[in-house]
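K.L.:
requesting a structural model of the entry that follows:
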Amino acid sequence: MTALRYRGAGYWLAALAFLCAWTVLCWPWLSGEVTIPFDAKAHFQAQIQFLAQALHSGQSPFWTHNVFGGSPQIADPQSLIFSPAILLALFTPDPSFRMVDAYVLAHLLAGGLALLLLFRDRGWHPAGGLLAALVFAFGSSAAWRVQHVGQIASLAFFAIALWLTMRMVQRSSLRSGALAGIAAGLMMVEPDQVALLGAYVLIGVVVGHWLSGGWAAFRASVAPGAVAALAGLCTMALPLVWTWLFAEATTRPAVDLVEAGRGSLHPASLLTAFVADLFGAHDAKVDFWGPYSPHWNASELFLSQNMGQVYFGALPALLLIVPGASRGWLLDRGIRSLSVLFVLMLLFALGRYTPAFSLFYHYLPGVNAFRRPADATFLIGALGAVMAGYVLHRLFTEEGLKLTKRDLACAAGLVLALAVTTVLVAGEQNRLVEALKPMAAATIWFGLALGLVWGLARLRNGFGPAVAALLVTGVVAADLGANNGPNESTALAPEIYDVLRHDTKNETVQVLKRLTAQPSGSPRRDRVELLGMGFEWPNAGMVHGFDHTLGYNPLRLADFSEAVGTRDTIAGPDQRKFTPLFPSYRCPLADYLGLRYIASPVPIEQVDRSLREGDLTLVARTKQGFVYENPRALPRVQFVGGWQLADFDSMKTAGHWPEIDPHAVVLLDAVPPVALSEGPVLAQAEVKLTRYENTEVEITVTSALPGFVVLNDIWHPWWRAAIDGVETDILKANVLFRAVQVPAGSHKVTFSFKPVEGALAELRDLVDPPVEEEVPVPAPVTAPAVAGQGAPFRPSLAVPSRETLDSLRLGAPPVPAGDRQQVSSRAF
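P.N.:
Residues are numbered from 1 along each chain as shown. The predicted model follows:
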């Protein structure tokens, strides 16, 4: 193997060994026995499902109506539109849990293979590359935070970009520079903190090359570096502009230094690099007692228990100490820059516990946009993997290598220091008994690693390297499989997330799909609210096609959130946040939203205590809870004859909605383009919603009077409208929604989502803000200027079909005699 590795055979064998280890370690997920839980399902499974359904139905995935009243998917960094997930979405219209899990785990395979290629380019031993690949894929946060799909993708592209960047500076290659730029661009195109830190590491690698190689190295890398920068810019520029504009319009608050510090890695968590399950994060039978738990100061840090796990194997950890640090190998010219960057990432992860983070926060662009320094553990694992692999390479290539007394003393000192520190921490928390088992396991793994290091020095000739590679694969894979394998943070039963399957038989989902179904041309598209049905529920609408007023996403349009009241998620009923303008389900804004059905696991009166009898109607009782109907919910599209000026910001703050008839008056924040007398106008019109897709909405209207077509979808600057093919202005209406002024007669109104045109216009307005005209003080509402019969407004709804009523076992709906003709005479 030693002779063949220079011709590539050794690396092919290492790649095959890594592929086999990846298959074995990933098999619990690949087989479907377990699935990657939490965010991977509640958020990303729904995103991929929406993407696939949009593509296979011939629609654009750039906007979704299914959560938060509407959201620009193309600008959402977690929508996966600009990721390899697009390939999975193109492959099938219904990606299964196993497919999505395989897609996530394939990132780790790709990143590990990239590190193998890095070792080949540098001429380092394939056994070292194999070790680096295993540790990268199954060590530290790559294993413990696999549910964070976006960060896993960023980590994989970081590994690919690292390989190509090091090849670029090593060979002064323009092609490698272009590929490195594309890889780095793909890493940054859906930005998160892992991508940001990865970009800084790549810059650090180039700077380290300049410092070690001098002027000649700098001059040789200028052209490839320029090509890399240009390629990266072309790859990520437009998506990042979209994301930036979206983020500026969302609720995501500014992250100050104190808030960011609450996401720091506690120094005690570093013990898990050596004692794998010290705090009980892996063992479901042990109550987790480490930092971030109630046993410590729970208000000091805000991290999940898996975020503090940094174990990446006994052998790699030992190699970094002995002989990596003890002999100074980690300061060799070829690895020195990565060693320095490893230390910097460690300081970054510790956050508030060192003064270094304050400098990072204030002087590194982008750091102050994120709230969790502990995300640097992804980079710690990746860099540590390369460093450990390099030390193993030195073990195989160093002439006359023997373990010295100094090496053994360093190893013994490490074990003693770890034992003392672990006992002190466990004793402080009164957890000595719980700590004994992981300490004993760590002693066994480190003893095995020390024996392996001693043996590797003797497996240098003949078939020795091949045997050594097999031993490294077996021992490291077994170690990481046992200590970082499936656990309650990374692997749960697929049945828990059944509601996110497209073909689910969930009773509540089936009820909502039947209730919200409408005939072709109906102006209705009723919204629902999933009121704390569980962690996996908020984005279910993206899978099943109904429109949820809330959802699960850290990025939500601020205008909608401030009016309706949203949080990152709505996993429990206690997370429902009411606002001045949406103080109850019995309020005008709920009606304008078309919020017709509310599913709750508890009686609705326990959540909204202001409700009175008759405000909502119980229409179904399922295994999961209760389904209520709001009988006042308005259609998705209306024709309104009159208008009235209103101060929307004041309305959101004070919670006061003018006493108006929503069929006669639309509230506007500016005077309409065509002069019409302000005031209510009741106008008879026929309105049909003839096409309703993600990015295209088509409405036909026939009216004897001019007025406004009101689309009760959230207003956003990237939407454009046209009347009979002629572009027209979209007016912001009724605080959140859209309206188009139309003349009398029959017309076709289209709304189209144009993200490129809209973003460019928004940028132009930021550079050269338009002059705002002074808005007159709103006049008091008068009696209707034009009235059909002058009758008071009575909201009316389409009556559910007999099949729906029978399926829900509700019987015939009670309809007051005076209302029967009105209900039957309206066309829905």
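
K.L.:
how about the strands in the stretch 451-600 of the chain?
P.N.:
Counting by DSSP state E, counting those that start in this stretch, the stretch 451-600 of the chain has these strands, from start to end: 527-530, 547-548, 595-600.

K.L.:
which other helices and strands does the top helix by length along the chain contact?
P.N.:
Ordering each helix of the chain by length in residues (DSSP state H) puts helix 193-248 first. With contacts taken as 3 or more CB pairs under 8 Å, 6 or more residues apart in numbering; DSSP states H and E, helix 193-248 sits against helix 149-171, helix 174-188, helix 336-350, helix 377-397, helix 755-767. Placement of C-beta: from N, CA and C, glycine included.

K.L.:
re the thing from before, in CSV, list the strands of the stretch 451-600 of the chain along with mean pLDDT.
P.N.:
Listed next are the strands of the stretch 451-600 of the chain as CSV, based on pLDDT from 0 to 100:
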stretch, mean pLDDT
strand 527-530, 98
strand 547-548, 98
strand 595-600, 98
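
K.L.:
okay, those strands in a markdown table with distance to Ala132 and mean neighbour count next?
P.N.:
Formatted as a markdown table, these follow (distance: least, CB to CB, whole Å; neighbours: other CB atoms under 10 Å):
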| stretch | distance to Ala132 | mean neighbour count |
| --- | --- | --- |
| strand 527-530 | 44 | 26 |
| strand 547-548 | 44 | 25 |
| strand 595-600 | 49 | 24 |
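
K.L.:
of all these, which one is nearest Ala54?
P.N.:
For the strands of the stretch 451-600 of the chain, distance to Ala54 was read as CB to CB. The smallest value, 14.7 Å, belongs to strand 547-548.

K.L.:
and that closest one, which strands flank it?
P.N.:
Using DSSP bridges, the strands paired with strand 547-548 are strand 527-530 (parallel).

K.L.:
hmm, back to that, and the strands of the stretch 451-600 of the chain as CSV, adding distance to Glu536?
P.N.:
Shown next, in CSV, are the strands of the stretch 451-600 of the chain (distance: least, CB to CB, whole Å):
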stretch, distance to Glu536
strand 527-530, 10
strand 547-548, 13
strand 595-600, 14
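
K.L.:
Ala739: which of those is closest?
P.N.:
Of all the strands of the stretch 451-600 of the chain, the one in closest proximity to Ala739, counting by CB to CB, is strand 527-530 (18.3 Å).

K.L.:
CA atoms of the closest one as CSV?
P.N.:
Extracted in CSV, the C-alpha atoms of strand 527-530 (Å, rounded to 0.1, in the frame of the first residue of the first chain):
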residue,chain,number,x,y,z
ARG,A,527,-57.2,29.8,6.2
VAL,A,528,-56.7,27.5,9.2
GLU,A,529,-54.8,27.9,12.4
LEU,A,530,-53.0,24.9,13.9
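
K.L.:
from here on, call the first residue 739.
P.N.:
In the new numbering, first residue 739, that becomes strand 1265-1268.

K.L.:
hmm, who's touching that strand?
P.N.:
807, 1250, 1254, 1275-1276, 1278-1279, 1284-1288, 1308, 1331-1337, 1371 (CB atoms under 8 Å, 6 or more residues apart in numbering).

K.L.:
same thing but 6 Å
P.N.:
Leu1250, Trp1275, Phe1284, Asp1285, His1286, Thr1287, Leu1331, Gly1332, Leu1333, Tyr1335, Ile1336, Ala1337 (CB atoms under 6 Å, 6 or more residues apart in numbering).

K.L.:
how deep is the closest residue to the fifth one other than its chain neighbours tucked in, by neighbour count?
P.N.:
Going back to what we said before, that points to His1286. Spatially, and ignoring its direct neighbours in sequence, His1286 is nearest to Gly1279 (3.9 Å; CB to CB, 6 or more residues apart in numbering). By the criterion of other CB atoms under 10 Å, Gly1279 has 26 neighbours.

K.L.:
tell me the confidence at Gly1279?
P.N.:
In this model, Gly1279 is scored at 97, pLDDT.

K.L.:
now swap in Leu1209 and tell me
P.N.:
At Leu1209, pLDDT is 88.

K.L.:
count of neighbours near it?
P.N.:
As a burial measure, Leu1209 scores 16 neighbours (other CB under 10 Å).

K.L.:
repeat that for the one 5 residues further on.
P.N.:
Each residue near Val1214 was counted by other CB under 10 Å, and the total is 26.

K.L.:
repeat that for Leu1356.
P.N.:
There are 12 residues near Leu1356, going by other CB under 10 Å.

K.L.:
need phi/psi at Ile1461.
P.N.:
phi -110, psi 120 (degrees, to the nearest 10).

K.L.:
since we're on it, how many residues are nearby?
P.N.:
Using other CB under 10 Å: Ile1461 sits among 18 other residues.

K.L.:
how near is the residue lying closest to Pro1481 once chain neighbours are set aside to Gly1483?
P.N.:
Spatial nearest neighbour of Pro1481, chain neighbours left out: Pro1444 (4.9 Å); criterion: CB to CB, 6+ apart. Distance, Pro1444 to Gly1483, by CB to CB, to the nearest Å: 9 Å.

K.L.:
these two - which one has more neighbours?
P.N.:
Pro1444 (16 against 12).

K.L.:
returning to what we had before: what's the farthest-apart pair in the contacts of strand 1265-1268?
P.N.:
Trp1275 and Gly1332 (20.0 Å).

K.L.:
show me where the stretch 1389-1538 of the chain has strands.
P.N.:
Under DSSP E, counting those that start in this stretch, the stretch 1389-1538 of the chain gives strands at 1403-1406, 1423-1430, 1434-1441, 1445-1449, 1457-1461, 1464-1466, 1469-1471, 1475-1480, 1483-1491.

K.L.:
what about the stretch 789-938 of the chain, any weak spots by pLDDT?
P.N.:
Nowhere does the stretch 789-938 of the chain drop to pLDDT under 70.

K.L.:
Val1205 is nearest to which of the strands of the stretch 1389-1538 of the chain?
P.N.:
When the strands of the stretch 1389-1538 of the chain are ranked by proximity to Val1205 (CB to CB), strand 1483-1491 comes first, at 60.5 Å.

K.L.:
what comes into contact with the closest one?
P.N.:
By CB under 6 Å, 6+ apart, strand 1483-1491 touches 800-801, 1433-1440, 1447, 1457-1462, 1478.

K.L.:
please repeat the previous calculation with a cut-off of 7 Å.
P.N.:
800-801, 1433-1440, 1447, 1449, 1456-1462, 1476, 1478, 1480 (CB atoms under 7 Å, 6 or more residues apart in numbering).

K.L.:
hmm, back to that, which one of Trp1275 and Gly1332 has more residues nearby?
P.N.:
Trp1275 (29 against 23).

K.L.:
verify the contact between that one and Val1237 for me.
P.N.:
Yes - using CB atoms under 7 Å, Trp1275 is in contact with Val1237, at 6.1 Å.

K.L.:
tell me the residues that contact both of those two, please.
P.N.:
Counting by CB under 7 Å, 6+ apart, nothing touches both Trp1275 and Val1237.

K.L.:
for the one helix or strand Cys758 maps to, packing partners?
P.N.:
Cys758 is located in helix 747-768, with elements delineated by DSSP states H and E. Helix 747-768 is packed against helix 835-860, helix 864-876, helix 1202-1222, with contacts defined by 3 or more CB pairs under 7 Å, 6 or more residues apart in numbering; DSSP states H and E.

K.L.:
as JSON lines, the ones you listed with distance to Asn1106 would be great.
P.N.:
Putting the helices and strands packed on helix 747-768 into JSON lines (distance: least, CB to CB, whole Å) gives the following:
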{"stretch": "helix 835-860", "distance to Asn1106": "28"}
{"stretch": "helix 864-876", "distance to Asn1106": "29"}
{"stretch": "helix 1202-1222", "distance to Asn1106": "32"}
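
K.L.:
can you say which of the ones you listed is nearest to Pro815?
P.N.:
Taking CB to CB, helix 835-860 is the member of these nearest to Pro815, at 16.2 Å.

K.L.:
off-centre distance for the host helix or strand of Ile786?
P.N.:
Assessed by DSSP H and E, Ile786 sits inside helix 784-794. From the chain centre to the centre of helix 784-794 is a distance of 15 Å (CA atoms, centre = their mean, to the nearest Å).
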